[in-house]
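Visitor: Quick one, fold the following:
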Amino acid sequence: MKYKTFAAFVGPSIFLMLLFIAAPLISVFFQSFYITQPVFETVEVETCTPGFPTQTCVTEQKTQPIIGEDGKVVTTVKYVGLESYRNVLEPDRAWAALSAFDFRALLTIDFWKALRFTLTFTLVTLPLVIGAGLLIAVVVNNASRLIRGPIIFVSLLPFIITPVIGALSIRWLFIGDGIMTAFLEWAFSQNISMFAQGWTIELLMMFYRVWHVAPFAFVVFYAGLQTVNQDTLESAIIDGASRWERLRYVIIPHLMPLIVFISLIHLMDSYRVFEEIVGFSSQAHRISLQWLTYDFLTPDDSGNRSISRASASAMLTMIGIVVLLVPLLRKTWRDHKGGRV
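Guide: Have a look, this model is predicted:
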């Protein structure tokens, strides 16, 4: 392929990536070192109340923001260095909790509480998504052609549903007197409240993520199963290999690049978990790093937003994603170099 042809194909993608990914990322990085604050002024305000024979007046000083000629509050930008990161991480409190082996105290800090849930959510759902997707793919691949189409259609339905709508649907099944809650209460003959404690909400969120994402893994694995060398499988059958041995020693090694690909996609997506927090209304029990960033951007009672803290939280989230992806990227790079040799 000629260089001009290659540039014509790749150029628009690179431009859009620089415009919508690289530029905002650089902007967020710099914003994490600066803080924007309104400028205040102290004014004397005289308050008078009616009285007899004369009114009573009291003069007091009040602090109020300065309003510019455009009608907006005047703000100032100040360089604070790593102060926003310290405000998010709260290293003094975190170190004190770790030194005393008081993990409950550590989890009272919003960032570490969100990090604990995000890591647990990501690392627990990863093998479940891969296992469920591979299981569905193997079952569909071995099913008769008559029922293969309906099975594929039903298997893809969870992936088609909008994430927030799917999370709300699962929540409505279990909240209050939902259908599943009523069934469990009937089966166990006791009152059940799935949303009264955090661990049950966390399990429901993990169940929803696996239910929602497993069809994506299924599609990828099913496509990979169509490329398995049939001669190798027949040789394994002749040698007396069982179904499990054929799966372990023939199919899974063949699908390993796809397993790495799904792991990369899932790690990047699950580490930014947000829809489940909103759909299950779990803020009182469980929060994620992505939700923490959103919370910093939510205006307070005075209308101010913690943009600097939100930027610091976003950068810490990105660093966490990179740390999780490094082992898989190193494996991919080694396999690539080994394949070239």
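Visitor: residue at max distance from the center of the protein?
Guide: Within the chain, P53 marks the point farthest from the mean C-alpha position, 67.6 Å out by C-alpha atoms, centre = their mean.
Visitor: for that residue, helix, strand, or coil?
Guide: Three-state assignment for P53 (DSSP: H, G, I helix; E, B strand; the rest coil): coil.
Visitor: wait, what's in contact with it?
Guide: By C-beta atoms under 8 Å, 6 or more residues apart in numbering, the contact set of P53 is empty. To be clear about C-beta, it is placed using only N, CA and C from the backbone, and glycine gets the same treatment.
Visitor: likewise D269?
Guide: Counted by C-beta under 8 Å, 6+ apart, D269 has contacts V213.
Visitor: swap the cut-off to 10 Å and go again
Guide: If you count contacts by C-beta atoms under 10 Å, 6 or more residues apart in numbering, D269 has them with T122, T125, V129, R209, V213, F216, I321.
Visitor: Which phi and psi values does it adopt?
Guide: phi -80, psi -40 (degrees, to the nearest 10).
Visitor: same check, this time on the one 4 residues further on
Guide: As for V273, its main-chain torsions (degrees, to the nearest 10) stand at phi -60, psi 130.
Visitor: Would you agree K331 is in contact with F261?
Guide: No: counting by C-beta atoms under 10 Å, F261 is not a contact partner of K331; they are 11.5 Å apart.
Visitor: Helix, strand, or coil at E41?
Guide: What three-state DSSP gives for E41 is strand.
Visitor: just checking, it touches I66?
Guide: Yes: counting by C-beta under 10 Å, E41 does reach I66; the two are 5.2 Å apart.
Visitor: Need the overlap of contacts for these two.
Guide: Residues touching both E41 and I66 (C-beta under 10 Å, 6+ apart): V74.
Visitor: Of the contacts of D269, which pair is most distant in space?
Guide: Pairwise distances across the contacts of D269 (C-beta to C-beta) peak at 18.4 Å, for the pair F216 and I321.
Visitor: surely Q64 meets V74?
Guide: No: applying C-beta under 10 Å, one finds Q64 not in contact with V74, separated by 11.4 Å.
Visitor: shared neighbours, these two?
Guide: Residues touching both Q64 and V74 (C-beta under 10 Å, 6+ apart) are P38, F40, E41.
Visitor: Turn the buried ones among those into a named ChimeraX selection, would you?
Guide: Selecting only the buried entries of the shared contacts of Q64 and V74 in ChimeraX, with 16 or more other C-beta atoms under 10 Å as the criterion:
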select :38
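Visitor: and which of the shared contacts of Q64 and V74 is nearest G303?
Guide: Distance to G303, by C-beta to C-beta, is smallest for P38 among the shared contacts of Q64 and V74, at 9.3 Å.
Visitor: residues touching the closest one, list them.
Guide: Counted by C-beta under 10 Å, 6+ apart, P38 has contacts Q64, P65, I66, I67, K72, V73, V74, T75, T76, S302, G303, N304.
Visitor: next one: W186
Guide: Residues counted as contacts of W186 (C-beta under 10 Å, 6+ apart) are I192.
Visitor: Flag every buried residue along the helix or strand hosting it.
Guide: W186 belongs to helix 179-188 when elements are defined using DSSP states H and E. Within helix 179-188, the residues that count as buried by 16+ other C-beta under 10 Å are T181.
Visitor: Could you pull out the buried residues of the very next helix or strand once past that helix?
Guide: Toward the C-terminus, helix 179-188 is succeeded by helix 198-225 as the next helix or strand (DSSP H and E). Using 16+ other C-beta under 10 Å as the test for burial, helix 198-225 gives 201-202, 204-206, 208-222, 224-225.
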